[in-house]
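Novice: Any chance you can model this:
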Amino acid sequence: MKNKCALCKGELKEKIIDYKVYGKIIGKFKAKVCNSCGEQWFDEETSKKIEDAEKKEGVFGLSVETKIGYSGNSLIIRIPVELAKFMNLKRETRVLLYPEDKNKICVMVK
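Specialist: Below is the predicted model:
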């Protein structure tokens, strides 16, 4: 990997960083970090270690595409079981829905 950031041309420095997925730290990994924009770059070996750690922690593949459905007069969004388990969602769990912008709905577990 070059010593210049592909995004901003800043200098890359090798560091050990905490790696987070969905707000959960899954480990410390070697990365090249841009001193200007903060972008992180991982080599192939480290990327495999990160993927293995994500699988071990149960956070790998939680991001899924789904469709909006109907139930009576309401629109519904189905939540896959893996995501429900990660979020500890159960029937009758109270959540707060709000728009972050025109293209993003946030769901906050109460």
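Novice: got the CA positions of the lowest-mean-pLDDT helix or strand in the chain in PDB?
Specialist: Lowest mean confidence among the helices and strands of the chain (mean pLDDT, DSSP states H and E): helix 81-87, at a mean of 90. C-alpha atoms of helix 81-87 as PDB (Å, rounded to 0.1, in the frame of the first residue of the first chain):
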ATOM      1  CA  VAL A  81     -34.200 -12.700  13.000                       C
ATOM      2  CA  GLU A  82     -30.400 -12.200  13.100                       C
ATOM      3  CA  LEU A  83     -30.800  -8.500  13.400                       C
ATOM      4  CA  ALA A  84     -33.600  -8.800  15.900                       C
ATOM      5  CA  LYS A  85     -31.400 -11.000  18.100                       C
ATOM      6  CA  PHE A  86     -28.500  -8.600  17.900                       C
ATOM      7  CA  MET A  87     -30.800  -5.700  18.900                       C
END
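Novice: Residue 110: how many residues sit nearby?
Specialist: When neighbours are defined as other Cβ atoms under 10 Å, residue 110 has 6 of them. Quick note: C-beta positions are derived from backbone N, CA and C, even for glycine.
Novice: Give me the below-cutoff pLDDT ranges for this protein.
Specialist: Applying pLDDT under 70 to the chain picks out residues 1-2.
Novice: on that earlier part again, need the residues that contact the very next helix or strand once past the least confident helix or strand of the chain.
Specialist: Beyond helix 81-87 in the direction of the C-terminus, DSSP states H and E gives the next helix or strand as strand 95-101. Strand 95-101 is contacted from outside by 89, 105, 106, 107, 108, 109, 110, using Cβ atoms under 8 Å, 6 or more residues apart in numbering.
Novice: Tell me the most packed of these, by neighbour count.
Specialist: residue 89 (15 neighbours).
Novice: how about stretch 19-26: buried residues?
Specialist: By neighbour count with 16 or more other Cβ atoms under 10 Å, stretch 19-26 contains the buried residues 19, 21, 26.
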